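**Student:** quick one, what's the 3D model for this:
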Amino acid sequence: MGKIRFCRQGQSGFWSSITVFAVLNSFFLFSCQSESQTNQESTILDPIAEGKSFNAGFLIVDGVFNSELVAPYDIFQHTVFHTNGGIEVFTVGLTLDTVTTFEGIRILPDYSIKNAPEIDILVVPSAENSMTTDLDNLPLISFVRETGSKASFAMSLCDGAFVLAKAGLASGKISTTFPSDISRYRETFPSLDVIENVSFVHDGNLLTSAGGAKSYDVALYLAHLLYGEQVAKNVGKGLVIDWDLADYKFVSKP
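**Tutor:** Predicted structure coming up:
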């Protein structure tokens, strides 16, 4: 029997947990308090990259959804105003041709997959065809595989998880996707450990989000992880978001 803990922080500052037993590979989620951890150790994320700069490349294709593109783009772009270093953002298209979002916004990519600079954070927002024809697009999947495997982090929003999984980046890790597409995700990739009923999942260098408005959550979490709680709070404040990690349901595996 493997043990999975889905955790949130209570008002007293202790991690509370709902323990679920399932027949899965055994693992513990470091966002929860284990018996060997103190409250302080389990509730505070010390910044792991204070003062360091990162390049975040957003992969955009026709039919990309506005919310999953704009939410993390906003969060990451605003980090440069609140810390030394920060995250530089840019878009990457399959070509340099105009990309039209699902909602009709037209975007000129900053780079194509052929001339994109080094990417430290690969972001794959959901698109109209993320569960269908995009998975058969060999240049797209090859770019995601090669870039994501070298990046410090690979992040998907909503059904962008299908693209990361097709590229092999979710293999051997826990992940999530858009709530109503969880069943299809499991059917398409039956070997994956899939988590549901959470905002986002963090496993190693892989971050997957339920998407939609919750796309802000995972981006603020990464800003918090990289630069500390106060930076995340300041970024959130500028977007009228009261950031407190205790308010978000997520799972994280060391």
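**Student:** count residues in the vicinity of residue 84, would you?
**Tutor:** A count of neighbours around residue 84, defined by other Cβ atoms under 10 Å, yields 10. Every C-beta, even on glycine, is put in place using the N, C-alpha and C of the backbone.
**Student:** which residues touch residue 123?
**Tutor:** For residue 123, the contacting residues are 56, 57, 58, 59, 72, 73, 155, 156, 157, by Cβ atoms under 8 Å, 6 or more residues apart in numbering.
**Student:** how's this protein carved up into domains?
**Tutor:** Domains of the chain are assigned by automatic domain parsing as 2-43, 53-249.
**Student:** show me where the stretch 1-150 of the chain has its helices.
**Tutor:** Secondary structure of the stretch 1-150 of the chain by DSSP state H, counting those that start in this stretch: the helices cover 39-43, 66-78, 138-150.
**Student:** low-confidence ranges in this protein?
**Tutor:** For the chain, applying pLDDT under 70 flags the ranges 1-44, 254.
**Student:** 90 - rerun?
**Tutor:** Scanning the chain for pLDDT under 90 picks out 1-46, 48, 253-254.
**Student:** between the contacts of residue 123, which is nearest residue 171?
**Tutor:** Within these, proximity to residue 171 (Cβ to Cβ) peaks at residue 156, which comes in at 13.9 Å.
**Student:** where does the closest one fall, phi/psi-wise?
**Tutor:** phi -120, psi 150 (degrees, to the nearest 10).
**Student:** roughly how far apart are it and residue 81?
**Tutor:** According to Cβ to Cβ, to the nearest Å, residue 156 and residue 81 sit 26 Å apart.
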